[in-house]
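Trainee: Take a look and give me a structure for this.
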Amino acid sequence: MISIKKLRENIEKIDTEIIKKLAKREKIVKQLGCLKACEGKRIVDLNREKKLMRIYESLSTTYQLSFPYIRRLFKIIINESRKLQKS
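Mentor: Okay, here's the model as predicted:
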């Protein structure tokens, strides 16, 4: 049987990967913000966000995760992305 310590180590590894991916995402978001500014485009694209939420809903179903949880999580991520694009 696997130990609590080992399970916690596994969770820490996964958390580290999540943070690395978020950092990578932020770099891309900053580039996107620059391009939008150069092209005179708005930061917020509600149609794009709706499309993403449909994708996230599908993925949450595929991976048996609560969509309300995933929606809340990505709303936080998207709001932070907006802030980064404005700066």
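Trainee: helix, strand or coil for residue 42?
Mentor: The three-state assignment at residue 42 reads coil, by DSSP: H, G, I helix; E, B strand; the rest coil.
Trainee: Tell me where the chain has helices.
Mentor: Using DSSP state H, the helices of the chain run over 4-39, 46-62, 67-86.
Trainee: Let's have these in CSV, adding mean pLDDT.
Mentor: Output for the helices of the chain, formatted as CSV (pLDDT from 0 to 100):
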stretch, mean pLDDT
helix 4-39, 97
helix 46-62, 97
helix 67-86, 96
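Trainee: Go through those helices and pick out the most buried.
Mentor: Most buried of the helices of the chain by mean neighbour count (mean count of other C-beta atoms under 10 Å) is helix 67-86; its value is a mean of 14. Glycine gets a C-beta too; all of them are placed from N, C-alpha and C.
Trainee: Give me the contact list for that one.
Mentor: Helix 67-86 is contacted from outside by 22, 25-26, 29-30, 32-33, 36, 43-44, 49, 52-53, 56-57, 59-61, using C-beta atoms under 8 Å, 6 or more residues apart in numbering.
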